[in-house]
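A.B. asks: fold the following and give me the result.
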Amino acid sequence: MGAGEIAFVGAVAGIVASIVGAGGAVVAARLTGRYQSRSQHAHWRRQVRRDAYAAFLDSIARFNEWRRSYRERTLLGEAMPEGSADRLRELIRSIERALFIVELEGPPEVAARADTVMRSIADWQASVIVSELRAARGAPPRDDVPSSAAMHHQVNQSVASFKAEARAALDAPDTADRASRI
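C.D. replies: I've put the predicted structure just below:
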């Protein structure tokens with residue numbers, strides 16, 4: 001093989017190496033871009049969920065303030081101020097609106113816990129209404145209607161369960177992101 005042929009083979013080898021190197025760089029850049037895009041989407045998704053959970057908990061906190069006031073006044077034998085029933089309905093509607101967003105954003109386990117919170121609030125409200133109606137008629141409390149304190153505890157427990165499930169969901173890797181990589 002002559003010097004010219006060796007130079008030619010060397011030049012071709014250099015060109016092939018350059019092409020392979022450039023191709024590798026393009027593939028690496030593309031993979032990095034995909035990973036970064038997925039990572040940003042997962043971060044955005046987590047933020048949306050966190051905001052939904054926070055809005056739900058905020059609406060529950062406002063409801064709990066009203067509930068504490070109701071409980072204190074009841075224990076003192078005082079009537080609630082005018083418009084309290086309307087305020088309660090407004091607070092429950094606020095929780096329902098926040099619940100819909102939690103259900104939309106998921107995951108299903110968190111949505112189920114949020115629904116349990118909503119049901120415990122509805123049960124509390126029903127027990128209060130039954131108790132108040134019976135008291136207004138002068139009837140003794142019914143044994144089959146849970147006490148306000150028991151319902152208060154049930155609401156608190158359901159909220160604690162929701163918080164634990166929401167925290168676990170926020171800390172877990174996004175399942176939709178994992179499924180798209182498979």
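A.B. asks: show the subsequent helix or strand relative to the host helix or strand of E5.
C.D. replies: For E5, the host element (DSSP states H and E) is helix 3-76. Per DSSP H and E, the first helix or strand lying C-terminal to helix 3-76 is helix 84-105.
A.B. asks: got the contact list for that following helix?
C.D. replies: Helix 84-105 is contacted from outside by 48-49, 52-53, 55-56, 58-60, 62-63, 66, 70, 110-111, 114-115, 117-118, 121-122, 125, using Cβ atoms under 8 Å, 6 or more residues apart in numbering. For glycine as for every other residue, the C-beta is placed from the backbone atoms N, C-alpha and C.
A.B. asks: among those residues, name the buried ones.
C.D. replies: Among the contacts of helix 84-105, those buried by neighbour count (16 or more other Cβ atoms under 10 Å) are 49, 52-53, 55-56, 59-60, 63, 66, 70, 110-111, 114, 117-118, 121, 125.
A.B. asks: about what we covered before: other SSEs contacting the helix holding E5?
C.D. replies: helix 84-105, helix 108-137, helix 148-171, helix 175-181 (3 or more Cβ pairs under 8 Å, 6 or more residues apart in numbering; DSSP states H and E).
A.B. asks: out of the ones you listed, which comes closest to A7?
C.D. replies: helix 175-181 (46.8 Å; Cβ to Cβ).
A.B. asks: any stretches of this structure with poor pLDDT?
C.D. replies: The chain contains residues with pLDDT under 70 at 1, 133-136, 141-148, 174-182.
A.B. asks: find the centremost residue of it, please.
C.D. replies: Nearest to the geometric centre of the chain sits Y53, at 3.6 Å (Cα atoms, centre = their mean).
A.B. asks: who touches that one in this structure?
C.D. replies: For Y53, the contact set (Cβ under 8 Å, 6+ apart) comprises 102, 110, 166, 170.
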